[in-house]
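[1] requesting a structural model of the entry that follows:
(one chain, ligands or ions: 2)
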Amino acid sequence: MKQFLNFINGEFVATGKTFENRNPATNQVIGLVHEAGQAEVDAAVAAARAALKGEWGRMSVVRRAELLHAVADEINRRFDDFLEAEIADTGKPRSLASHVDIPRGAANFKIFADIVKNVPTESFQMATPDGGTALSYALRTPLGVVGVICPWNLPLLLMTWKVGPALACGNTVIVKPSEETPATATLLGEVMNAVGVPKGVYQVLHGFGPGSAGEFITRHPGINGITFTGETRTGEAIMAAAAKGVRPVSFELGGKNAGIVFADADFEKAVAGITRSAFENCGQVCLGTERVYVQRPIFEKFVAALKEKAEGLKIGGPDTPGVGIGPLISAEHKKKVLGYYERARAEGATIVTGGGEPQLDGELAHGHFVQPTIWTGLPETSAVIREEIFGPCCHIAPFDTEEEAIALANDTDYGLATTVWTSNLETAHRVAARIDVGLCWINSWFLRDLRTAFGGAKASGIGREGGVHSLEFYTELRNVMVKL
Ligand SMILES: NC(=O)c1ccc[n+]([C@@H]2O[C@H](COP(=O)([O-])OP(=O)(O)OC[C@H]3O[C@@H](n4cnc5c(N)ncnc54)[C@H](O)[C@@H]3O)[C@@H](O)[C@H]2O)c1
Ligand SMILES: O=C/C=C/C=C(\O)C(=O)O
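    Ligands and ions are numbered 1, 2, ... in the order given. This next block holds a predicted model:
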């Protein structure tokens, strides 16, 4: 049985207190994960602190950048190892993991290795009251030891999206992968050792949230900042933990994203785009669309077209030929999603397609599969329209005017992402300027320029990461004033 060990101070550490890791496509146990306790967290914080005082803390930004490029190159050299690990942990289609998850795992190190070398800091000259002059300049210094708490939907991508800039800025990191997906974060420990990243710089502690490694990390006084991606309510708990010691937090949280399709949109592109945003990764993407608003003249045609697309998605495991949609991450999450399917039925939704479980056989018979599902006819107050489901489902409603579409899209506690489809650029820019989100895609979805600001407004997050924005969180900025 494969053992997923903690990675502390350059060593892989068993604790003997283990929990099962299962493949979501088969529900088979694929390994045992060694849960870290307070002692392991204390040891990791001490090692991270020592690394800051040692070779890593003295390292030039150019050398740090070289090491991060070497990490990216080693991920690419071991591409298949990371691919197999991610697929086993998530059950997602091989094509998705090989085109999105693993390539971004490497790219997230390269982009920040380059940014951190080339972004200047400010400097000013001033006339002083005594008739002299003064010069001020800014210095960026590392935040220190950063806690990185990760979700299970894009395990390597989302973990390295935080670790990349944190290390580029000279911090050390203690990573707590989701209990559902321990594999790629653990494998990255081998990469760090192989390329020569000093011990204690990158560490991995396995476990859960409350009463386990997650909480122990976020409450530890030796942690100087916390970056977290996960559910909004978890963010609230972590924010409370970070309050003691006034530690800064960077949050990427939940969403209930709208897709707005105007009658003048390129119809086929809009259908394809909403299909991806509703069903990719089995709907387990924070940026995904669970609320679709379609201008009335094309509403019926659009519903029929999305139904056809959803029913054309082949449900299966990572290597099922032509697979279009894989499993949900766990039996618990499947129960949650099916609960919403039932609530929609109970609230009188028109079930355009789906609403239940597919029948798969062989090794997939016990996987956590659900049908891609589309509803219409519910009021905006219904649970499936108010609450994040995080599954392959969406509700479609008609609208008449631009004003109405904006009001519908904004009527949510979340503010993460919107995707807008129109051929009128004036409409596109007007709508983008009035939607209360961190990310607005026009005639596209999940198109990513890593230099841009990424994050959510309202209950979807705190702060922005990406490009130079990551430096704002992962460094302290000191102003030095020199009297001349
Ligand atoms: N905004 C984004 O960029 C983004 C990206 C991916 C996922 N998400 C969100 O993440 C959620 C799905 O991921 P999930 O189910 O893993 O989220 P989750 O909040 O259940 O767990 C995320 C991580 O937090 C840990 N955790 C839980 N409680 C904790 C606590 N009290 N203290 C410290 N750590 C704790 C978990 O062990 C896990 O590692 C969805 O809501 C999705 O919208 C957001
Ligand atoms: O599920 C959420 C996806 C988040 C994606 C990113 O953070 C990214 O593309 O950098």
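
[2] quick one, what contacts residue 2?
    Shown in contact with residue 2 (Cβ atoms under 8 Å, 6 or more residues apart in numbering): 21, 30, 31, 32. (C-beta placed from N, C-alpha, C; glycine too.)

[3] give me the pLDDT value at it.
    Per-residue confidence (pLDDT) for residue 2: 97.

[4] cool, residue 262 as well?
    With respect to pLDDT, residue 262 has a value of 99.

[5] so it versus ligand 2, what's the distance?
    Distance from residue 262 to ligand 2, counting by Cβ to the nearest ligand atom, to the nearest Å: 25 Å.

[6] just give the nearest non-adjacent residue to that residue, would you?
    Of all residues not flanking residue 262 in the chain, residue 422 sits nearest, at 4.0 Å (Cβ to Cβ, 6 or more residues apart in numbering).

[7] looks like residue 461 contacts residue 252 (just checking).
    Yes - using Cβ atoms under 8 Å, residue 461 makes contact with residue 252 at a distance of 5.2 Å.

[8] what do these two both touch?
    Joint contacts of residue 461 and residue 252 (Cβ under 8 Å, 6+ apart) are residue 455.

[9] domain ranges for this structure, per the record?
    Per the record, the chain has its domains at 2-253+460-483, 257-442, by the TED database.

[10] which residues touch the spatially most central residue of the chain?
    When Cα atoms, centre = their mean is applied to the chain, the residue found nearest the centroid is residue 158 (4.3 Å). Residue 158 makes contact with 150, 151, 229, 252, according to Cβ under 8 Å, 6+ apart.

[11] how about residue 458?
    412, 413, 414, 415, 436.

[12] before we move on, what about residue 87?
    Residue 87 touches 94, 97, 318, counting by Cβ under 8 Å, 6+ apart.

[13] top of those residues by neighbour count?
    Among the contacts of residue 87, residue 97 has the most neighbours (other Cβ atoms under 10 Å), with 29 neighbours.

[14] quick one: the residue in the stretch 101-250 of the chain that ligand 2 sits nearest to and residue 257, what's the gap?
    Relative to ligand 2, the nearest point of the stretch 101-250 of the chain is residue 161 (4.5 Å; Cβ to the nearest ligand atom). To residue 257, residue 161 is 18 Å away according to Cβ to Cβ, to the nearest Å.

[15] have a look at the two and say which one is more surrounded.
    residue 257 (31 against 28).

[16] quick check: that one touching residue 410?
    No - using Cβ under 8 Å, residue 257 makes no contact with residue 410, being 11.7 Å away.

[17] from what I can see the residue nearest to residue 262 touches residue 441, true?
    No - in this structure, residue 422 is not within contact of residue 441 by Cβ under 8 Å, at 11.9 Å.

[18] is ligand 1 within reach of stretch 337-347?
    No - on the criterion Cβ under 6 Å from any ligand atom, stretch 337-347 is out of touch with ligand 1, staying 12.1 Å away.

[19] pull out the buried positions in that stretch.
    337, 338, 340, 341, 343, 344, 347 (16 or more other Cβ atoms under 10 Å).

[20] quick one: secondary structure of the fourth one?
    Looking back up the chat, that one is residue 341. helix (DSSP: H, G, I helix; E, B strand; the rest coil).

[21] mind checking the SS state of the residue nearest to it when sequence neighbours are not counted?
    Sequence neighbours aside, residue 355 is the residue nearest to residue 341 in space, at 5.2 Å (criterion: Cβ to Cβ, 6+ apart). Following three-state DSSP, residue 355 is assigned to coil.

[22] phi first, then psi, for residue 355.
    phi 100, psi 0 (degrees, to the nearest 10).

[23] can you name the residues that contact it?
    341, 344, 345, 371, 373 are the contacts of residue 355 under Cβ under 8 Å, 6+ apart.

[24] out of those residues, which sit inside helices?
    341, 344, 345 (DSSP state H).

[25] check contacts around the residue nearest to residue 262.
    261, 262, 264, 265, 428, 431, 442, 443.

[26] gap between it and residue 294?
    12 Å.

[27] what are the ranges of the helices in the stretch 101-250 of the chain?
    102-118, 155-168, 183-195, 213-219, 232-243 (DSSP state H, counting those that start in this stretch).

[28] deepest in the core, which of these is it.
    Comparing the helices of the stretch 101-250 of the chain by mean neighbour count (mean count of other Cβ atoms under 10 Å), helix 155-168 ranks first with a mean of 28.

[29] what average pLDDT does that one get?
    98.

[30] try stretch 349-367
    98.

[31] over to stretch 457-466?
    Stretch 457-466 comes out at a mean pLDDT of 98.

[32] does that stretch reach ligand 2?
    No - Stretch 457-466 does not reach ligand 2 (Cβ under 6 Å from any ligand atom); its nearest approach is 6.9 Å.

[33] what parts of the stretch 51-200 of the chain come near ligand 1?
    Checking the stretch 51-200 of the chain against ligand 1 by Cβ under 6 Å from any ligand atom, the hits are 149, 150, 151, 152, 153, 158, 176, 178, 179.

[34] which residues touch the residue of the stretch 101-250 of the chain closest to ligand 2?
    104, 108, 229, 465.

[35] which residues in the stretch 1-150 of the chain form strands?
    Ranges of strands within the stretch 1-150 of the chain are 2-4, 6-8, 11-13, 18-23, 28-34, 123-127, 133-142, 145-149, based on DSSP state E, counting those that start in this stretch.

[36] any idea which of the ones you listed is most buried?
    strand 145-149 (a mean of 29).
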